[in-house]
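build me a model:
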Amino acid sequence: MKMKIGICQLKVAEDVSVNLKRASDIIKTLAERGAEIVILPEMFCCPYDINLFPKYAQYAEESNSYFDFLSNMAKISNALLIGGSVPERYNGKIYNSSLIFDKNGRILAKHRKIHLFDVNIKGGIVFTESEEISPGDSLTVVKTDKINIGVGICYDVRFPELAVKMAEKGASLLVYPGAFNHITGPAHWELLARARALDAQSYVCMTAPALNEELVYKSYGHSILCDPWGNVKMRFGYEEEADIGVIDTAVIDKVRAELPVLNGRRPDIYRG
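Below you'll find the model as predicted:
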C-alpha cells in the first residue's frame, strides 16, 4: 500500500499570525495534491529561541490556540496532521510538544520532546534548551488503519534506542520535526535520518524550518525523507519548500523480511 505524505519546510518569522498563515496555505496546497499525512517543522509557529519560548508558549485549552489551529487545519485538509512542535504550557512548565490530529480534527497523541538540546560546541553553538523547556517522559506511537507512526522531536533523533523501541511498538514511519543548526546540520542531519531508518527498518521523515537569516537561531533546513533501506527519497535545501513524498508499506515488509534486524536483537545482552 502506498501513501502520500506532505512535507512542509516553512520559513518561520517572529509574528505568530504570519507563521500560521504560511502553514495554513501550505497545508491546503498539499491536501489539494492528495496528501494523506501532513508534517510541519519543529516550532513552526515561532522562532526556535530559548529566550522567546515563554512569550510564545500557550495552554492547549486557550481559545485561538495552536491546538485549535491544528485541529481545524486537519479537518480542512482531510489529512492526518503532525503539527511539528509548539511551545506548550502545562502545570507551570513549558514543553516542546508535537500535537497529532486525525482528519476529523480529533487529537490522537501529544509527544513532548524527551531529550533536550543542551550543547556547548566550542567555536560553534551554545544552546541550553533545559533553561526553559521541561522534558517529556514517554515515547509516542500513533496507530492508524494504514500505518503506525512514531514521533520524536529534533534531538530525540540522536538516540537509536528510542527509534528501535518505537519500531518494536509497531511504528514503520518515524517522524522527527527538527531544527538543526549550521554546525550540526551539515555534519549529522542526513546521517542521522538514514541511520535511524536502518535502525528501525522504517521510513524516516525529518521536517525543519527553512533558513531565516533574520532570526537569532538559524535553522539548517534540508527536510528529508528516507526509506527503510537508508535511501534518500526526498531532500530540500535551505529555502521554504513543500512537496509530496510516497511511502510504500511493501518496501517496509520486504526489508524487514529479507534483513530481519529487529527480530535478531538481543536486549538480554544489551542490558548487561
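
phi first, then psi, for the spatially most central residue of the chain.
Nearest residue to the geometric centre of the chain (C-alpha atoms, centre = their mean): Pro177, 2.2 Å. Backbone torsions of Pro177, given as degrees, to the nearest 10, read phi -60, psi 130.

what about Gly34, which SS state?
For Gly34, the assignment made with DSSP: H, G, I helix; E, B strand; the rest coil gives coil.

all helices of this structure, in order?
Assigned by DSSP state H, the helices in the chain fall at 16-32, 53-56, 66-77, 160-168, 184-200, 249-258, 267-270.

okay, those helices in a markdown table with distance to Ile100 and mean neighbour count next?
C-beta coordinates here come from the backbone N, C-alpha and C atoms, glycine included. Shown next, in a markdown table, are these (distance: least, C-beta to C-beta, whole Å; neighbours: other C-beta atoms under 10 Å):
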| stretch | distance to Ile100 | mean neighbour count |
| --- | --- | --- |
| helix 16-32 | 14 | 17 |
| helix 53-56 | 20 | 16 |
| helix 66-77 | 9 | 21 |
| helix 160-168 | 14 | 20 |
| helix 184-200 | 18 | 20 |
| helix 249-258 | 19 | 15 |
| helix 267-270 | 28 | 8 |
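
how about those, which one is nearest His222?
Closest of the helices of the chain to His222 is helix 184-200, at 5.7 Å (criterion: C-beta to C-beta).

tell me the spacing between Arg22 and Ile133.
According to C-beta to C-beta, to the nearest Å, Arg22 and Ile133 sit 24 Å apart.

how near is the spatially closest residue to Arg194 that is not a sequence neighbour to Lys93?
Counting by C-beta to C-beta, 6 or more residues apart in numbering, Arg194 lies nearest to Gly230, which is 4.5 Å off, once chain neighbours are set aside. Noted for Gly230: a distance of 37 Å to Lys93, by C-beta to C-beta.

any idea of the pLDDT on the residue nearest to the centre of the chain?
Model confidence at Pro177, expressed as pLDDT, equals 98.
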